[in-house]
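> Please work out how this folds:
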Amino acid sequence: MLQKVDLETGIFRILSEEKGPSQRELLDELIKYAEKIREDDLVLKIDKNTKGNLSKKLGILEKRGIIFHTRKKVDDRDQDAFSYFINKDLESFEVILEHLAKDIGNAFEFTISNRIDWKKLNTKDNKPKKVTRNVKCAYIESFIKSPYVKELIKSCRFKPVYEAYEKRDLQDYCGIYGFYEHASDLISSVRNPEEELGEDFLAECKIVGKGQELSNKFFSSL
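Numbers count the residues shown, from 1 in each chain. You can find the predicted model right below:
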């Protein structure tokens, strides 16, 4: 097995769907998420007995100003429950990006000189398990494509959000395609792409072969 993914990574991924789960619902979703990422040989240690750890972690993240809760009516119980969301501000976004990049990066890191990394080898042919740029970046991009980032762009505008992402120095264009999808959704309402989307993003689109597509979409919307 590869290095485990920590609880914060799972929490951020679930909350980025913007469904506002209660703590119980979040625990159920984290268990499902743990099963899903096992396909990439990643381990998230979570089960019904870790409710206390989850509650403590949520409290810490809320004190740090990264997440918040509101009250909502629970369908199957005659009472309210806390409903959790990620704060829609650039600082929270940057903290989450930095955490995901570090945690997922460590999980997929492989060096011949590190004895611990030998656990990440496929025992059949002594080759690293699925340790590819595409798999690593898929975890970053899934967050970038999330409803949370889409709503963050509505609140803070596209350019500042992309610039916050770019500051994290995520190599190999991790997330650029997710931002391209958001830009494509915005293009019909953009009068000046360079001003709204930013020159840096448009330049990166050209590098990965998406510049012309975005340009065609803009002109077809006029």
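
> Every contact and neighbour count from this point should use C-alpha atoms.
OK.

> Now find how far off-centre the lengthiest helix in the chain is within its chain.
Longest helix of the chain, by residue count under DSSP state H: helix 90-108. Offset of helix 90-108 from its chain centre (Cα atoms, centre = their mean, to the nearest Å): 8 Å.

> Tell me the buried residues in it?
Under the neighbour-count criterion of 16 or more other Cα atoms under 10 Å, helix 90-108 has 90, 92-94, 96-101, 103-105, 107-108 buried.

> Could you do stretch 17-36 as well?
Across stretch 17-36, burial judged by 16+ other Cα under 10 Å covers 17-18, 20-24, 26-27, 29-31, 33-34.

> how close does the residue nearest the centre of the chain sit to P193?
Centroid check for the chain by Cα atoms, centre = their mean gives F143 as the closest residue, at 2.3 Å. Note on F143: its distance to P193, by Cα to Cα, to the nearest Å, is 24 Å.

> before we move on, what about K32?
Taking Cα to Cα as the measure, K32 falls 40 Å from P193.

> Equivalent analysis for L7, please.
As judged by Cα to Cα, L7 and P193 stand 38 Å apart.

> same thing with L27?
According to Cα to Cα, L27 and P193 sit 41 Å apart.

> Which residue ranges of this structure form strands?
Taking DSSP state E as the criterion, the chain carries its strands at 67-73, 80-86, 121-122, 127-128.

> in the second one, what counts as buried?
Translated: strand 80-86. Neighbour-count burial for strand 80-86 flags A81, F82, S83, Y84, F85, I86 (criterion: 16+ other Cα under 10 Å).

> which residues does the nearest residue to the fourth one once chain neighbours are set aside contact?
In other words, Y84. The spatially closest residue to Y84, leaving aside those adjacent along the chain, is H69, at 4.4 Å (Cα to Cα, 6 or more residues apart in numbering). Neighbouring residues of H69 by Cα atoms under 8 Å, 6 or more residues apart in numbering: F82, S83, Y84, F85.
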